[in-house]
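Enquirer: Predicted coordinates and the sequence they were generated for:
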Amino acid sequence: MYHHKIIFTGPVGSGKTTAIETLSDVPVVCTDQRATDSDEIGKAKTTVAMDYGKILLKSGETIHLYGTPGQDRFDFMWDILTEGGIGLIILVDNSNTDPIDDLAHFLTAFSDFIEQTATAIGVTHTDVTVLRNLQRYHQLLERFELRCPLFEVDARDPRDMSRLMEALLLSLDPGIRASALEAGDESASSRNTKPDRH
Amino acid sequence: MSSSTLRVATVGLSDKTESTLKMFLERKHDSYSLVSFNDAPDCVIFDLDRPTGRAQWHHYLNSAQRSPRASILLSLSGYGDADCKRLHRICTLLRKPIRLHQIHDALARVLERKHASPRADSSLYSPRGTKNGARTEATVDTSTLDNNGDSSLYQAAANLPGKDIPVSYSNAVQLSRNDTQGIKKAQYNPDQYLQGFLEKVLDENQASENTREVLHIATNDGPITLHLGTGKASIHLSKYRFRTLCSLPHDGISPPPWRLVDEPITPPGNPHKKQTSIESLMWVAAIWAARGRFPRDLDLDKSIHLRHWPNLTRLTNTPHATRITALWSQNDYSLLDTAALLGIDQRHVFTYASACHALKLLEYNRHAVSVDQPRSRGKRQAPHKHRSLLGRLLARMSIFSRDPDE
């Protein structure tokens, strides 16, 4: 059976785990371990292998959501996780010292995968470091000759993350049509019964 | 014409509304007749959302020196005007969108009062509560309006540009390339709207040697402040007033309802204050100005190039925005081709293009490729191999991505 998966990547602390938690229909499997460089990365625990969540469609199909570890020393996982993926979501922490450089790093690292599929970029933590606008990010994308979706997002917000996912899916094929079966109210109500994490 | 017929006049209504009303009144010709404003109507229907709508109505009230006639007021907002409350016996305010039965009910009440007061044929609306049913008679001398030139206000209303706006979200008009008339009707001039004014002040400020950090804009209903340093905007208007301000064209004759001022304006005592980004303000102003049309400086036949994706999570959503952007990020297409390829109404493409145009995201395809052979930028022209699966996932996502107001 074909393994449909969407990959989430980005630097440490950009919100990959949170984004997968927001979208997943099942509790997310995390491989968080105590960070040995907690001072440097700004949090006590970090993902060392992957995060894993699922979107369960009414048709019975499953979309697997994989989050890569953010640190370069785990980059051997990146190729493993992206194999067979349908698209890539890159999250960038705008409060980092040089988020543009971070994005350039991930665009380069995943360039082959992006070439074969599509990517959508979410800029997180814009409430921490106020963005004048996204101009510098767009300039970077122009350098990479990419015209992919790039939005401000709050990884905790289902609306933001769903918009980013929509943009990724339509970038893969603007002609796809939303299936009436899935657009029914049932899935909405089941999702809305998820406990509030905030 | 029977004296029991209610004579109705309109001021500032769109042609469409007026035509509908006319058809309705003709069917009820025993009870109502549509007359011009100068023919001493019993009741006048005003569109308060026109730029001069409130002024015309106030003028009408003041002209009827002793006892004003009945008026029916059409507006997007509720009773925002103290006069509406004070004069509720003679004024009926109907909130848009207007339904014919509402106008019918309002007219029926006016007619009922006219019948109840046969002597007050030309002034039905003397204050109630007079003893023994006696009413103070009052006649409006409409000749005064003619003689003192005040009727020019009404003339100006009749000649308002954009009075006839044939394409809107409620009309699914599909244009073809050779439909010159249709294309002309579907165009609008942003300079007549708040959209164009905002674009102009921002451009001028940027080009100026003495660039200002804060721009203060006065409107009839409350100030708008643009903080250029932070990219934020403060809007001291209710959302209905703001929508009205964005969607009404300026006639070029009367003073515009917006102007740039040097000093900060003390907001009126209204509780409405919204903080947003300047980008979002421009975007919304364009959507409300366009209402399914496209700016006249966009050529329907030329392929357009989108510089980059708009920040769609922080901008008001328009139908099919993501789909249109996705298509434009792969290829450069004309507006008509975009609608045809995606199988969506042209008005959605036009509105979205107007909003992108306001943010200066659109430019013409520099390679001047024929519309029949759009310049391919992407690598994927064939449908995705998992298209149906993606469709199911898209439907799932679209449940959660809707705006709360949608």
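Expert: All right, it came through fine. Residues are numbered from 1 along each chain as shown, chains lettered A, B, ... in the order given.

Enquirer: Per-residue pLDDT of residue 153, please?
Expert: You didn't say which chain, so I picked chain A. Confidence at residue A:153, expressed as pLDDT, is 95.

Enquirer: if you could check chain B rather than the one you did, that'd help
Expert: We have a pLDDT of 45 for residue B:153.

Enquirer: go on, residue B:335?
Expert: Looking at residue B:335, its pLDDT stands at 93.

Enquirer: so what's it up against?
Expert: By CB atoms under 8 Å, 6 or more residues apart in numbering or on different chains, the contact set of residue B:335 is B:294, B:298, B:300, B:304, B:346, B:349, B:350, B:353. From N, CA and C alone the C-beta is placed, and that goes for glycine too.

Enquirer: how near is it to chain A?
Expert: Noted for residue B:335: a distance of 15 Å to chain A, by CB to the nearest CB, to the nearest Å.

Enquirer: related to what we said a few turns ago, put the buried members of the contacts of residue B:335 into a ChimeraX selection.
Expert: In ChimeraX, this line selects whichever of the contacts of residue B:335 come out buried by 16 or more other CB atoms under 10 Å in any protein chain shown:
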select /B:294,298,300,304,346,349,350,353
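
Enquirer: could the contacts of residue B:335 go into JSON lines alongside distance to chain A, pLDDT and secondary structure?
Expert: Formatted as JSON lines, the contacts of residue B:335 follow (distance: CB to the nearest CB, whole Å; pLDDT from 0 to 100; DSSP: H, G, I helix; E, B strand; the rest coil):
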{"residue": "B:294", "distance to chain A": "20", "pLDDT": "93", "secondary structure": "strand"}
{"residue": "B:298", "distance to chain A": "20", "pLDDT": "90", "secondary structure": "coil"}
{"residue": "B:300", "distance to chain A": "20", "pLDDT": "87", "secondary structure": "coil"}
{"residue": "B:304", "distance to chain A": "13", "pLDDT": "89", "secondary structure": "strand"}
{"residue": "B:346", "distance to chain A": "17", "pLDDT": "91", "secondary structure": "helix"}
{"residue": "B:349", "distance to chain A": "13", "pLDDT": "94", "secondary structure": "helix"}
{"residue": "B:350", "distance to chain A": "18", "pLDDT": "94", "secondary structure": "helix"}
{"residue": "B:353", "distance to chain A": "16", "pLDDT": "96", "secondary structure": "helix"}
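
Enquirer: And the contacts of residue B:335, which is closest to residue A:78?
Expert: Taking CB to CB as the measure, residue A:78 lies nearest residue B:304 of the contacts of residue B:335, at 36.7 Å.

Enquirer: Spit out the contact partners of the residue lying closest to that closest one once chain neighbours are set aside.
Expert: Leaving aside its chain neighbours, residue B:304 sits nearest to residue B:362 (5.1 Å; criterion: CB to CB, 6 or more residues apart in numbering or on different chains). Each residue near residue B:362 by CB under 8 Å, 6+ apart is listed here: B:298, B:304, B:305, B:306, B:307, B:353, B:356.

Enquirer: hmm, back to that, kindly present the contacts of residue B:335 as a markdown table, with separate columns for distance to residue B:332.
Expert: Putting the contacts of residue B:335 into a markdown table (distance: CB to CB, whole Å) gives the following:
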| residue | distance to residue B:332 |
| --- | --- |
| B:294 | 16 |
| B:298 | 13 |
| B:300 | 14 |
| B:304 | 6 |
| B:346 | 18 |
| B:349 | 14 |
| B:350 | 17 |
| B:353 | 13 |
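
Enquirer: re earlier: can I get the contacts of residue B:362 in a markdown table including distance to residue A:30?
Expert: Below are the contacts of residue B:362 laid out as a markdown table (distance: CB to CB, whole Å):
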| residue | distance to residue A:30 |
| --- | --- |
| B:298 | 49 |
| B:304 | 45 |
| B:305 | 42 |
| B:306 | 38 |
| B:307 | 38 |
| B:353 | 43 |
| B:356 | 39 |
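
Enquirer: Between which two of these is the distance greatest?
Expert: B:298 and B:307 (14.6 Å).

Enquirer: Which residue ranges of the stretch 301-406 of chain B form strands?
Expert: For the stretch 301-406 of chain B, strands defined by DSSP state E, counting those that start in this stretch occupy the ranges B:304-306, B:362-364.

Enquirer: so, in contact with chain B or not, stretch A:150-161?
Expert: Yes. Using CB under 8 Å from any CB of the partner chain, stretch A:150-161 comes into contact with chain B via A:150, A:151, A:152, A:153, A:158, A:159, A:160, A:161.

Enquirer: From the residues you listed, list just the buried residues.
Expert: Counted by 16+ other CB under 10 Å, those give A:150, A:151, A:152, A:153, A:158, A:159, A:160, A:161 as buried.

Enquirer: pretty sure the first one is in contact with residue A:139, am I right?
Expert: To tie it back to what came earlier, the one meant is residue A:150. No. Using CB atoms under 8 Å, residue A:150 makes no contact with residue A:139, being 11.1 Å away.

Enquirer: any low-confidence regions in the stretch 51-200 of chain B?
Expert: The stretch 51-200 of chain B contains residues with pLDDT under 70 at B:51, B:63-68, B:77-89, B:117-173.

Enquirer: Same question for chain A.
Expert: Within chain A, the stretches with pLDDT under 70 are A:1-2, A:32-49, A:70-71, A:73-74, A:129-132, A:180-198.

Enquirer: In three-state terms, label residue B:92 for me.
Expert: strand (DSSP: H, G, I helix; E, B strand; the rest coil).

Enquirer: helices or strands next to the top helix by length along chain A in the packing?
Expert: Longest helix of chain A, by residue count under DSSP state H: helix A:158-172. Packing partners of helix A:158-172 (3 or more CB pairs under 8 Å, 6 or more residues apart in numbering or on different chains; DSSP states H and E): helix A:16-23, strand A:85-93, strand A:119-124, strand A:150-152, helix B:321-330, helix B:387-401.

Enquirer: closest one to residue B:13 among those?
Expert: Closest to residue B:13 of the helices and strands packed on helix A:158-172, according to CB to CB: helix B:321-330, at 31.9 Å.

Enquirer: Keeping just the C-alphas, turn the closest one into CSV.
Expert: The C-alpha coordinates for helix B:321-330 follow below in CSV (Å, rounded to 0.1, in the frame of the first residue of the first chain):
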residue,chain,number,x,y,z
ALA,B,321,-7.7,32.7,-3.6
THR,B,322,-5.3,29.9,-2.9
ARG,B,323,-6.2,28.0,-6.0
ILE,B,324,-5.8,31.1,-8.2
THR,B,325,-2.4,31.9,-6.6
ALA,B,326,-1.3,28.3,-7.0
LEU,B,327,-2.1,28.5,-10.7
TRP,B,328,-0.4,31.8,-11.2
SER,B,329,2.7,30.6,-9.4
GLN,B,330,3.1,27.9,-12.0
